[in-house]
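**Q** I would like to see how this sequence folds:
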Amino acid sequence: MPRGRVGAATAQALLALAVYCGLSALVFGWHALGDPSRIVEGFGQSPPYYGHDQSAYVWSLQWAARALTHGHNLFLSREIFAPFGYNLAWAASVFGPGLLSIPLTLTLGAVGTYNVLALAAPAGAAWTAYLLCRELSGRGAPAFAGGLLFGFGTYESVEMVNHLNLALIALLPLAALLVLRRHSARISRRRFVLALGLVLGLQFWTSTEVFASMALFGGIAFLVALWLAPARLRPGIWACALETLGALALALVLAAPYLYYALHYPNPVSQISTANAGVDLASLVIPTKVTWLHYSEGVARGMGGNLTEQVGYLGGPLLVLLVAYAIEFRTSRLARGLLTFIGVAAVMSLGAELVLAGNATAISLPWWLIGKLPLLRFATPDRFVVYAWLALAVVVSCWLARPAHARLRWVALALVLVSLVPNFVGVPWGTRVDDPPLLHSPALARYVPPGSTVLALPFGIAGNSMFWQLDAGFRFRLAGGYVSVSMPAQYQPYLRLVSALQGNLIAGYVKQRVCRFLALTGTSVILRREFAPGYWAQLLEPLGVRPQRVGGFAIYELGGPGGLGPRGVCAAGRRVR
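**A** Down below sits the predicted model:
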């Protein structure tokens, strides 16, 4: 390509990136950018706990910086779920972005870094999709539209609620772009293997779930290409596939530390199956409140799953455009490949059993079998729609690039975009981080000695203990915490009590259960957030400790680790076992 055209293309790409960044700030960041150190990007904390996932990612970012600067084990943290700790290789730990952004974390803090990464996610995804679409459509404006669709469509809007690891998807289009350029011999074998290996390795360190599904759908894309390509092109596709396996091997070498801790130590989520967590077929045309054009909350809730798993909405205009593309490009091998890939991704995303408008149909789908494979059985199939969105972005850009009826095509695109616009007025795209004064007060040293174990209430996902530990500079360990959907095996016998520690009602011998848990964890102090809803009197009054109300907490001093010291609340009477 002539130098002038290269310069123009680079300028166009940089302009597209700037516009995408501005749109992300406007649509998603208008709330968080008002106070980026104390307002975290995403939905607020409400009964379904939307917003609490951010605490796990913010904690992960700070832990990456702390592990590197204090010489701690990155993967095995004993600061949570005391005294046993947690294997963070099986949590949604964004260690790749966390390690790369340590200078930012040390400067802005973990909340500010989270906001930067969260707002960069849709802009980055849109930009790399733009590069891919420009490669295939050959035109800048249609490619910009394709990037807009991928970076600001339903999948990304939903994951922006509170799933940072799933929102950081800019590497998906980049991997596809590298494969295309290698197949056309625009980059050398060595550069291709190194570049793709780095991309896949970073994806592993960002989200192991996305990495596993990326490998699956990459394999599917190669099979589709082999099926549709003429015989003269198949040797080149096979060669590219083998080189991609080389890049995958390099990625696994880069991920070796991660793999070691994931495979060598117990997996706390091994008993959890997500095979049935598929997209409801009706959700293809029924938007949730994440989209401005949405039905009532009751209609969306009837489709099952919480809001952050309802990622299937495409909308009528986009489906009509897809049909128009299929008709107009029916003789194109690329079109048939894209349509086949979209169909496969859509079917996979439906999960193990077809669900329609919240009703299980007892119709088994391919994921019933595929979802039993190693690593993939931990993937949530509804999230596979991201691959359909990527292919749809290419479809839209190629369809818009046709010169015939150009004005009508752009009008159709406008209807598509209107049907997909995120709801940036009707939902709060920022959550103020809970900031009790005690955590910044010298009085904290009086009640919480350094290195002590604290039971923070509400417990886990129902509360803000992960934020509190960061605010206190990791002064204390947590009896519990929240980094995943599961807890260590030692905590599993206490699941009913954990429900009560989240504020729910409990029946039976309360003191005995609480004392056993305190003894198990070595808790010496209970910090209960004042005014947090819950049946706290029924849970804590049997301990016989009068709480002291200081700096936004009701503080229960237990007289020793686990309440078992000489004056401990659990030491008298029946022995705790």
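
**Q** Going by C-alpha atoms from here, please, whenever you check contacts or count neighbours.
**A** Fine.

**Q** Grab the nearest non-local neighbour of Leu17.
**A** Leaving aside its sequence neighbours, Leu17 sits nearest to Trp127 (CA to CA, 6 or more residues apart in numbering; 5.6 Å).

**Q** Ala456 falls within a helix, correct?
**A** No - under DSSP: H, G, I helix; E, B strand; the rest coil, Ala456 sits outside any helix and is assigned strand.

**Q** in the sheet, who's paired with it?
**A** Here Ala456 sits in beta bridges with Leu527, as judged by DSSP bridges.

**Q** residue contacts, it?
**A** Applying CA atoms under 8 Å, 6 or more residues apart in numbering to Ala456 gives the contacts Ser465, Leu478, Ala479, Ile526, Leu527, Arg528, Arg529.

**Q** gap between the residue lying closest to Arg333 once chain neighbours are set aside and Ala345?
**A** Nearest in space to Arg333, with sequence neighbours left out and distances taken as CA to CA, 6+ apart, is Leu228 at 6.4 Å. Computed as CA to CA, to the nearest Å, the Leu228 to Ala345 distance reads 17 Å.

**Q** Mind checking which of these two has more residues around it?
**A** Ala345 (23 against 15; other CA atoms under 10 Å).

**Q** State the helix or strand in which that one lies.
**A** Taking DSSP states H and E as the definition, one finds Ala345 inside helix 333-349.

**Q** residues near the residue nearest to Leu17, how many?
**A** Neighbours around Trp127, by other CA under 10 Å: 31.

**Q** ok, now the one 5 residues further on?
**A** Taking other CA under 10 Å as the neighbour definition, Leu132 ends up with a count of 28.

**Q** From Ala215, how far out is it?
**A** Taking CA to CA, one finds Leu132 at 18 Å from Ala215.

**Q** quick one: contacts for the closest residue to Gly316 other than its chain neighbours?
**A** Using CA to CA, 6+ apart and skipping the chain neighbours, the partner closest in space to Gly316 is Val285 (6.1 Å). Neighbouring residues of Val285 by CA under 8 Å, 6+ apart: Tyr313, Leu314, Gly315, Gly316.

**Q** ditto for Ala406
**A** Contacts of Ala406 (CA under 8 Å, 6+ apart): Leu400.

**Q** make it 6 Å
**A** Shown in contact with Ala406 (CA atoms under 6 Å, 6 or more residues apart in numbering): no residues.

**Q** Can you give me the separation between it and Val320?
**A** 17 Å.

**Q** Could you tell me which of the contacts of Val285 count as buried?
**A** For the contacts of Val285, a burial check counting by 16 or more other CA atoms under 10 Å picks out Tyr313, Leu314, Gly315.

**Q** For the stretch 401-550 of the chain, which segments are assigned as strands?
**A** Shown for the stretch 401-550 of the chain, the strands assigned by DSSP state E, counting those that start in this stretch span residues 430-432, 453-457, 477-478, 525-529, 548-550.

**Q** what about the closest residue in space to Gly85 that isn't next to it in sequence, neighbour count?
**A** Spatial nearest neighbour of Gly85, chain neighbours left out: Arg78 (3.8 Å); criterion: CA to CA, 6+ apart. Residues near Arg78, counting by other CA under 10 Å, number 17.

**Q** in the helix or strand where Phe211 lies, what counts as buried?
**A** Per DSSP H and E, Phe211 falls inside helix 208-228. Going by neighbour count (16+ other CA under 10 Å), the buried part of helix 208-228 is 208-214, 217-218, 220-221, 223-226.

**Q** which helices and strands does the helix or strand that that helix is followed by pack with?
**A** Downstream of helix 208-228, the next assigned helix or strand under DSSP H and E is helix 234-254. When contacts are defined as 3 or more CA pairs under 6 Å, 6 or more residues apart in numbering; DSSP states H and E, helix 234-254 packs onto helix 189-206.

**Q** Now do the helix it packs on and helix 208-228, the angle between them.
**A** 140 degrees (axes from the mean of the first three to the mean of the last three CA atoms, to 10 degrees).

**Q** Go ahead and measure how far helix 189-206 is from the middle of the chain.
**A** Per CA atoms, centre = their mean, to the nearest Å, the displacement of helix 189-206 from the mean C-alpha position of its chain is 21 Å.

**Q** Not counting it itself, show me its contacts.
**A** Here helix 189-206 has contacts from Val94, Phe95, Gly96, Phe211, Ala247, Leu248, Leu250, Ala251, Leu254, using CA under 6 Å, 6+ apart.

**Q** So what's the residue count around the residue lying closest to the fourth one once chain neighbours are set aside?
**A** Spelled out, that is Phe211. Using CA to CA, 6+ apart and skipping residues adjacent in sequence, the residue nearest Phe211 is Phe204, 5.2 Å away. Using other CA under 10 Å, Phe204 is surrounded by 24 other residues.

**Q** Against Gly218, how distant is Phe204?
**A** Counting by CA to CA - Phe204 and Gly218 are separated by 14 Å.

**Q** What of Ala362?
**A** 29 Å.

**Q** Between its first and last residues, how far does stretch 370-378 reach?
**A** Distance across stretch 370-378, first residue to last, is 11 Å (CA to CA).
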